[in-house]
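*Asks:* here's my sequence, what's the structure:
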Amino acid sequence: MLRRTHVLPFAREGAGGIVVDYLPRAPAVVERLDRLCRLLEDLEGRPRREVVDALGEWRARDARRLSGIVKALLDAAEFRAPPGAERAPEVRAALFRARGRRWPPVPGDRDRPYQDAAAELGIAPTEVERLLYADAPGARLLVRAPRLDGEGLLRRYNLELARGVLLDAVRLRVTAAGGWKDLFRAVKLARLMYVVGAAPGGYSVDLTGPAAAYVVRPGRYGARLARVVPALARAPGWRLEAEVLRDGRTVPFRLDGETAPFGEEAGPETYDSGWESALAEEFAERLGEEERRGWTLLREATPVQVGEDVFLPDFTLRHTDGREALVEVVGFWTPEYLEEKLRKVEAAGLRNLVLVVYRGLAAGADWDRAGARVVWFAQKPRAGPVLEAAEAVGGAAGG
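*Replies:* Below is the predicted model:
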């Protein structure tokens with residue numbers, strides 16, 4: 001990710017908080033970025049130092065802007081140590097010993113230490129020269145340039161600018177209309193501190209920022225936080241509000257999916273089971289407006305905090321009058337899976353939860369202890385009984 005020196009020149013304070021001067025999506029800009037991507041592809045197989053030098057020669061009006069763009073591009077590339085790089089310390093030690101034995105050097109005898117070291121190691125003198133600093137960062141070979149075009153590099157660079165601002169965030173609040181599963185997976189993998197709460201029209205997640213006073217290693221924590229932003233950018237209807245530390249005071253910084261110049265299109269909807277897919281398909285394609293009775297089916301839209309964990313029901317049924325029912329489809333994987341599922345449901349204490357349970361394989365569990373309305377199915381779940389259960393248990397949204 002970008003360093004502060006790449007970000008601060010383009011993040012200024014405005015009337016409403018921090019304003020980022022993103023790279024504009026102009027045809028000339030996109031065309032130049034596309035040429036930069038093609039240049040990097042042409043440099044595959046070259047050492048990193050040569051790659052950096054070649055990209056650094058690119059003419060730009062603002063060297064600071066170019067430096068950040070190049071770093072964003074190189075961070076997406078794959079570099080690998082050259083063959084034999086693991087022998088570099090051994091080669092250096094042999095060469096330095098050979099030089100010591102022939103000190104002071106005799107003019108015109110530059111190759112003799114290399115020949116002595118090669119004889120000691122059983123390799124050619126040219127290999128001594130090649131391997132001498134093969135473990136240096138600049139010697140790593142570009143094995144794969146990122147398959148980006150100008151539009152992709154533009155989005156990536158602008159995303160990196162926003163992530164760089166968040167390195168100084170004290171706290172963040174995230175809201176979204178969906179995509180919570182991927183978002184929570186990213187939050188947990190990054191080992192961030194978070195709290196789930198209610199927000200107008202839905203739910204929010206409060207995240208501790210790297211600039212919080214009690215974060216021990218803000219650099220590492222900030223790098224982990226940055227990994228969450230791409231997952232957020234793929235969520236529908238996402239919004240981020242942060243308090244960023246500037247000169248000993250906090251300044252607001254806001255992002256949302258409609259205005260951020262780096263949004264990503266979400267991939268096709270995926271389901272954890274054919275039963276979930278069947279329920280969503282029947283609701284969307286086979287029920288008319290009258291049969292839906294004012295209910296809308298949303299995928300993984302309601303996170304519920306249970307202690308230090310999060311329970312994310314498979315679906316949320318939301319009514320036009322504000323009522324809400326949560327739907328969890330339960331099959332059978334292992335007895336441990338069922339017990340964990342029941343524990344979460346029981347701990348959540350949700351009075352508006354509908355459990356859609358496969359009768360053949362989920363039998364034997366104590367479903368009454370969950371305190372939820374249970375809808376049984378034999379082959380695949382049907383939308384009608386689920387809607388009837390939602391009518392019975394539906395409560396106010398966010399309650």
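*Asks:* any idea which helix or strand of the protein has the worst average confidence?
*Replies:* Lowest by mean pLDDT, DSSP states H and E among the helices and strands of the chain is strand 395-396, with a mean of 61.
*Asks:* surely Arg92 is in a strand?
*Replies:* No - secondary structure of Arg92 (DSSP: H, G, I helix; E, B strand; the rest coil): helix, not part of a strand.
*Asks:* what is the burial count for it?
*Replies:* The tally of other residues near Arg92 (other CB atoms under 10 Å) stands at 17. Quick note: C-beta positions are derived from backbone N, CA and C, even for glycine.
*Asks:* then Gly394?
*Replies:* Neighbour count for Gly394, taken as other CB under 10 Å: 22.
*Asks:* what do you get for Arg147?
*Replies:* Neighbours around Arg147, by other CB under 10 Å: 9.
*Asks:* where does it land in three-state SS?
*Replies:* Under the three-state scheme (three-state DSSP), Arg147 adopts coil.
*Asks:* and for Gln115?
*Replies:* Going by three-state DSSP: Gln115 is helix.
*Asks:* give me the below-cutoff pLDDT ranges for the stretch 1-150 of the chain.
*Replies:* 59-61 (pLDDT under 70).
*Asks:* can you map out the helices along the stretch 151-300 of the chain?
*Replies:* Secondary structure of the stretch 151-300 of the chain (DSSP state H, counting those that start in this stretch): helices at 180-189, 218-226, 228-233, 274-285, 289-292.
*Asks:* ranking those helices by burial, who's on top?
*Replies:* Mean neighbour count (mean count of other CB atoms under 10 Å) peaks for helix 228-233 among these, with a mean of 22.
*Asks:* now for that helix, which elements pack on it?
*Replies:* helix 150-165, helix 180-189 (3 or more CB pairs under 8 Å, 6 or more residues apart in numbering; DSSP states H and E).
*Asks:* including distance to Val357, could those helices go into CSV?
*Replies:* Shown next, in CSV, are these (distance: least, CB to CB, whole Å):
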stretch, distance to Val357
helix 150-165, 42
helix 180-189, 21
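*Asks:* ok, back up a step: between the helices of the stretch 151-300 of the chain, which gets nearest to Tyr358?
*Replies:* Tyr358 lies closest, by CB to CB, to one member of these: helix 274-285, at 6.9 Å.
*Asks:* got the contact list for the closest residue in space to Arg293 that isn't next to it in sequence?
*Replies:* Excluding the flanking residues, the one nearest Arg293 by CB to CB, 6 or more residues apart in numbering is Leu387, at 6.3 Å. Counting by CB atoms under 8 Å, 6 or more residues apart in numbering, Leu387 touches 291-293, 295, 317.
*Asks:* just those residues now: which is nearest Phe253?
*Replies:* Among the contacts of Leu387, and counting by CB to CB, the member closest to Phe253 is Leu317, at 34.7 Å.
*Asks:* three-state assignment of the closest one?
*Replies:* strand.
*Asks:* is it true that it touches Ala301?
*Replies:* No - taking CB atoms under 8 Å as the definition, Leu317 is not a contact partner of Ala301, at 9.9 Å.
*Asks:* who's more crowded, these two?
*Replies:* Neighbours around Leu317 and Ala301, counted as other CB under 10 Å, are more numerous at Leu317. The numbers are 29 against 24.
*Asks:* can I get the helices of the stretch 151-300 of the chain in a markdown table with distance to Val7 and mean pLDDT?
*Replies:* Below are those laid out as a markdown table (distance: least, CB to CB, whole Å; pLDDT from 0 to 100):
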| stretch | distance to Val7 | mean pLDDT |
| --- | --- | --- |
| helix 180-189 | 21 | 86 |
| helix 218-226 | 11 | 91 |
| helix 228-233 | 13 | 90 |
| helix 274-285 | 41 | 88 |
| helix 289-292 | 47 | 82 |
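*Asks:* and of those, who's closest to Ala124?
*Replies:* Short answer: helix 218-226, nearest of these by CB to CB, at 41.7 Å.
*Asks:* got the angle between that closest one and helix 150-165?
*Replies:* 140 degrees (axes from the mean of the first three to the mean of the last three CA atoms, to 10 degrees).
*Asks:* who's in contact with helix 218-226?
*Replies:* Counting by CB under 8 Å, 6+ apart, 1, 163, 166-167, 169, 172, 190-192, 207, 209-211, 215 sit against helix 218-226.
*Asks:* wait, which of these is closest to Tyr114?
*Replies:* Using CB to CB, Met1 is the member of those that lies nearest Tyr114, at 40.2 Å.
*Asks:* okay, now that closest one: neighbour count?
*Replies:* Neighbours of Met1 under the rule other CB under 10 Å: 18.
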